[in-house]
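Engineer: give me a 3D structure for the following:
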Amino acid sequence: MSQHKSVQSAWWACVLVVPVALAAAACGTTSETSTGPSPVKCQVALSSPQSPIEPGGGTGTLSVTTSSECAWSVSASVNWITGLTPASGQGQGQIQFQVAPNPSGSSRQGDITLNGVTARVSQMGAACTLTLTPASQSFGAGAATGTFTVGAPVGCGWTATTNDGWITVTSGGTGSGNGSVNFSVGANSGAARAGAIAIGGQSFAVTQGSPSTPSCSYVIQPASASVAAAGGTASVTIQALAACSWTAASNVAWLTVAGAAAGAGNGTVTISAAANPGSARTGTLTVAGQTFTVTQAGSCTPSVSSTSQSMGAAGGAGAAVSVTAAASCAWTATSNASWLTITAGASGSGNGQVSFSATANAGSARTGTLTIAGVTFTVNQAGSCTSSISPASQSVASGGGAGTQISVTTPAGCGWTATTAAAWISITAGASGSGNGTVDFTVAANTGAARTGTIAIAGQTHTVTQSAACTYSINATSQTLNKNAQKGKDIGVSTGATCTWTAASNDSWITITSAASDIGNGTVKWTVSQNNTNNTRIGTMTIAGQTFTVTQNKN
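Structural biologist: Residues are numbered from 1 along each chain as shown. As a prediction, the model looks like this:
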């Protein structure tokens, strides 16, 4: 029995000490191999929303199921899913998200992804409620054509049909979203008649007079009005023949016809607008078949705590922006740049806060905007671009031509430009670029003195030096004089208009009496003192780099 125990203990010791792959060889066991399970660590389960989100938007919740030591992060595939809170975590948890209103009549789907696991978010399309402008039209007995516009959410399909044989839809019989319908009416040889064009549950009324009734046409003045947020009234006059009847009807709940809603011939309609507790709005009435538009100012004047913010290249969460507004004033916050995301407060009413984040910037400094409660909020993010150029300077010959190509080294995504203020330097390639690149340039021939110019490249300075192209000549190289003090003959200098030169005496008895330096062509005046020696003497002047020899005799 004790022998059995010792063997068993030795076997366990071998298993604990020797790796599984080497156990058989190390312990001398070849008759049996045991392989344990290899569980996948940090498996994640992500629940799906229980039902589609309403067209007007809203919030939703997802549940995360995973081991307590497993970290995760979450992102959305579409910009209308925002406010993922928290954006990262560890172990089990719940994620809140916001869905923006759906402006389309079609449903839509987007994905929320957590560690490669996807949950599908569905949102119903906006209700396909159509508006017809105008809502009716009247014609005389003769054949005529008419048109009206259809207002509908994007994706909402509609069809225009009529059961009246004297009305024909000529174009726009089917459509999606906003559109227009054109129709014609045949000549009427009988009594006045009425018909309709049916479209999306709405009815466009068409009336036509008989040959014995006048042809009715209507003019309204003005065609629009503005009222204050507190409400008020507006008037519109109707011009028509005495036998031509008309009606006035509102197309929105906050506008009403205060006086007579029907009449014949010339008339006036008074319109009343209710007080506006929210944002500015526009509504219409149909008056004598014409559209009368009323614009009302809003009582909502939201303000934001700041209108700009600067962020580092690393990105991350920005400082929250506070919105101040009346309790009934609705507002939204949207991003106008792909690298900026609204993380909380995509919509609200009254006072609230908007949170956002920026992705890391691997390129040049950039600017993006958010629209918060109708106010533009600017985000300036620093860049992570550092650039260098090679070479930093060069010299070119006076004859000009192409310079040595300049290399630009900078991270990918970093934009740069190359410019010069020197008229004699021209950028021929690489005036702008992103990431590593090169700049080519040429230099014009130099007809004057040596010159220096610069090229600004990616925030660095490249210096170009060009040698001078000046040549000089003098009209004489020597003169012989007697021993008396006297003036010598003037010496003419010929050179380019921008070329500088000097004149200097190399002997004390020769004096330059004109200017010692000049630019372009010029003249050198000089004198000699009396020769009191018993010998002929010889001296020189250096003029524009040339040597002029003076010989003065002893008598």
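Engineer: just the helices in the stretch 351-500 of the chain please.
Structural biologist: Shown for the stretch 351-500 of the chain, no helices are assigned by DSSP state H, counting those that start in this stretch.
Engineer: so which bits of the helix or strand containing Ala248 are buried?
Structural biologist: Using DSSP states H and E, Ala248 falls within strand 245-250. Buried residues in strand 245-250, defined by neighbour count with 16 or more other CB atoms under 10 Å: Trp246, Thr247, Ala248, Ser250. Yep, even glycine has a C-beta here, placed from its N, CA and C like the rest.
Engineer: what's the mean pLDDT across it?
Structural biologist: The average pLDDT within strand 245-250 is 91.
Engineer: go on, stretch 450-464?
Structural biologist: Throughout stretch 450-464, pLDDT has a mean value of 94.
Engineer: quick one: contacts of it?
Structural biologist: The contact list for stretch 450-464, computed with CB atoms under 8 Å, 6 or more residues apart in numbering, reads 387-389, 391-396, 403, 406, 408, 410, 414, 416-422, 424-425, 427, 439, 441, 443, 465-468.
Engineer: in CSV, list the buried residues of strand 245-250 along with distance to Thr268.
Structural biologist: CSV is the format used below for these (distance: CB to CB, whole Å):
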residue, distance to Thr268
Trp246, 12
Thr247, 14
Ala248, 10
Ser250, 16
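Engineer: out of the residues you listed, which comes closest to Thr133?
Structural biologist: Nearest to Thr133 out of the buried residues of strand 245-250 is Ser250 (CB to CB; 12.9 Å).
Engineer: let me know the distance separating the closest residue to that closest one other than its chain neighbours from Asn251.
Structural biologist: Distance criterion CB to CB, 6 or more residues apart in numbering; nearest residue to Ser250, sequence neighbours excluded, is Leu285 at 4.9 Å. Leu285 sits 6 Å away from Asn251, taking CB to CB, to the nearest Å as the criterion.
Engineer: show me where this protein has helices.
Structural biologist: Here the chain has its helices, by DSSP state H, at 2-17, 23-27.
Engineer: so who does the closest residue to Trp166 other than its chain neighbours touch?
Structural biologist: Distances taken as CB to CB, 6+ apart place Gly186 nearest to Trp166, at 4.5 Å, with adjacent residues excluded. Residues near Gly186 by CB under 8 Å, 6+ apart: Ala143, Trp166, Thr168.
Engineer: what number of residues lie near the residue nearest to Ser138 when sequence neighbours are not counted?
Structural biologist: Nearest residue to Ser138 in three dimensions, chain neighbours excluded: Thr207, at 4.6 Å (CB to CB, 6+ apart). For Thr207, the neighbour count with other CB atoms under 10 Å is 17.
Engineer: list the residues that contact Thr207.
Structural biologist: Thr207 sits in contact with Ser136, Gln137, Ser138, Phe139, Ala192, Arg193, Ala194, Gly195, where contact means CB under 8 Å, 6+ apart.
Engineer: so how far is Thr341 from it?
Structural biologist: 55 Å.
Engineer: and what of Ala253?
Structural biologist: Using CB to CB, Ala253 is found at 37 Å from Thr341.
Engineer: neighbour count for the two, which is higher?
Structural biologist: The neighbour comparison of Ala253 against Thr341 (other CB under 10 Å) goes to Thr341, with 23 against 8.
Engineer: thought Ser335 was touching the more buried one, still the case?
Structural biologist: Yes - if you go by CB atoms under 8 Å, Thr341 and Ser335 touch, sitting 6.1 Å apart.
Engineer: now list whatever residues contact both of these two.
Structural biologist: Joint contacts of Thr341 and Ser335 (CB under 8 Å, 6+ apart) are Phe356.
Engineer: need the contact list for Ala504.
Structural biologist: Ala504 makes contact with Ile512, Ala516, Met541, Thr542, Ile543, according to CB under 8 Å, 6+ apart.
Engineer: just those now: which is nearest Gly278?
Structural biologist: Nearest to Gly278 among those: Ala516, at 86.0 Å, using CB to CB.
Engineer: what about the closest one, how many residues nearby?
Structural biologist: Counted with other CB under 10 Å, residues neighbouring Ala516 total 11.
Engineer: quick check on Ala497: phi, psi?
Structural biologist: Backbone torsions of Ala497, given as degrees, to the nearest 10, read phi -60, psi -30.
Engineer: surely it touches Gly520?
Structural biologist: Yes - checked against CB under 8 Å, the pair Ala497 and Gly520 is within contact range at 4.5 Å.
Engineer: okay, these two: which has more neighbours?
Structural biologist: More neighbours surround Gly520 than the other of Ala497 and Gly520, with 15 against 9 (other CB under 10 Å).
Engineer: can you pull out the strands in the stretch 1-150 of the chain?
Structural biologist: Counting by DSSP state E, counting those that start in this stretch, one finds strands in the stretch 1-150 of the chain at the ranges 45-46, 58-65, 71-76, 81-85, 88-90, 93-99, 108-114, 117-123, 131-133, 136-139, 144-151.
Engineer: in TSV, list these along with distance to Gly488.
Structural biologist: Below are the strands of the stretch 1-150 of the chain laid out as TSV (distance: least, CB to CB, whole Å):
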stretch	distance to Gly488
strand 45-46	104
strand 58-65	103
strand 71-76	92
strand 81-85	93
strand 88-90	94
strand 93-99	98
strand 108-114	96
strand 117-123	100
strand 131-133	101
strand 136-139	108
strand 144-151	99
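Engineer: of all those, which lies closest to Lys554?
Structural biologist: Minimum separation from Lys554 across the strands of the stretch 1-150 of the chain (CB to CB) falls at strand 71-76, 105.3 Å.
Engineer: partner strands of the closest one and their direction?
Structural biologist: Applying DSSP bridges, strand 71-76 is found paired with strand 88-90 (antiparallel), strand 108-114 (antiparallel).
Engineer: check those for me and report the most buried one.
Structural biologist: Greatest average neighbour count among these goes to strand 108-114 (a mean of 17), per mean count of other CB atoms under 10 Å.
Engineer: now the angle from that one to strand 81-85?
Structural biologist: Angle, strand 108-114 to strand 81-85, by axes from the mean of the first three to the mean of the last three CA atoms, to 10 degrees: 30 degrees.
Engineer: contacts for strand 108-114, please.
Structural biologist: For strand 108-114, contacts defined as CB under 8 Å, 6+ apart pick out 44, 46, 62, 64, 72-78, 80-81, 84, 95, 97, 102, 118-123, 125.
Engineer: quick one: that strand to chain centroid distance?
Structural biologist: Remark: strand 108-114 is offset 26 Å from the chain centroid, using CA atoms, centre = their mean, to the nearest Å.
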